[in-house]
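*Asks:* Just a sequence and a predicted model for now, questions to come.
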Amino acid sequence: MDLNLNEPHYRLHFSADRVRLQALAGLVDLLPANPGVCLPAATTPAQLAEATRCLNALAQAYHRFNGSVAAMVGSGNVAGAAILPAMPPAPFEALWADEDAVLTASERCVADEVAIDEVPELDLAVIDVPEGAPAAGGHRFGGRWSAGLHPMALNNVTERTALLIRRGRHHELVYRYETWVQMRSRPVRPRVDLAPLAAHLGEIETGGATWTAASPSGLLAGLAIDGDAESTIDPDRLRSLVEDHLATAPVAWEPFVGA
């Protein structure tokens, strides 16, 4: 048996001839356990490059150790596949783990509880979300945050680029990013100005809720109620008003104009 682990940051060599090891797990303790040792003290290009090399070496150490031991276990020279170590947590896991859990919960909810009705001629998806669904939301476009179900969970189950999301008495109409850019892989229905619709919805609300529309030329165009107020408009009537506005309002943002 010949086991080699030779990296710039971590080196291990173990060699024996016709020896059957019952407890190779002891070698696992020799592997690097803390990815934090790779983090640089500053952010100069040289230090960041060295940190990248260090993290890559750490990952390769585990992969190569696992591959070597797995081969020996398969050949019968070593007993016990349970000794294979798991990769240590990523050094920045704390920055994304919570949101990733919300995304997973949102994906389960979308698969089991969310109803989606598409209107292809309007490039619209009407999404009915149960009130008890995950509501922590997630990132859109870097630092921007969207409450409710994680937006990736919704965008991954429909190609429609206008989403009418109805959740109890809380509703919003969202234009996806694809309507803001020059989308070349498929036709995308252009955005319309939602401000007139927001004004009309505000007029027919009976509980004081105020609707606000973002500019159609902005990255995050859409329509929603201000704050946590609830809408008094029947959800089916709201859908009818949204569909009528999308069908009749003039185009207000066309990314290809002047391109």
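*Replies:* Nice, I can see it.

*Asks:* shouldn't Val102 be in contact with Ala135?
*Replies:* No: Val102 sits out of contact with Ala135 when judged by CB atoms under 8 Å, with a separation of 9.0 Å. From N, CA and C alone the C-beta is placed, and that goes for glycine too.

*Asks:* So between these two, which is more surrounded?
*Replies:* Val102 (18 against 15; other CB atoms under 10 Å).

*Asks:* so what's the more buried one scoring on pLDDT?
*Replies:* Val102 carries a pLDDT value of 91.

*Asks:* Next: Pro85.
*Replies:* The model's pLDDT for Pro85 equals 51.

*Asks:* now swap in Ala136 and tell me
*Replies:* In this prediction Ala136 is given a pLDDT of 88.

*Asks:* repeat for Trp180
*Replies:* Reported pLDDT for Trp180: 92.

*Asks:* tell me which element the residue nearest to it when sequence neighbours are not counted is part of?
*Replies:* In this structure, Trp180 finds its nearest non-sequential neighbour in Leu219, 5.8 Å apart by CB to CB, 6 or more residues apart in numbering. In the assignment (DSSP states H and E), Leu219 maps to no helix and no strand.

*Asks:* Can you tell me the element the spatially closest residue to Leu197 that is not a sequence neighbour falls in?
*Replies:* Nearest residue to Leu197 in three dimensions, chain neighbours excluded: His245, at 4.4 Å (CB to CB, 6+ apart). According to DSSP H and E, His245 maps onto helix 235-248.

*Asks:* can you give me the helices for the stretch 151-259 of the chain?
*Replies:* With helices called from DSSP state H, counting those that start in this stretch, the stretch 151-259 of the chain shows them at 151-155, 195-204, 235-248.
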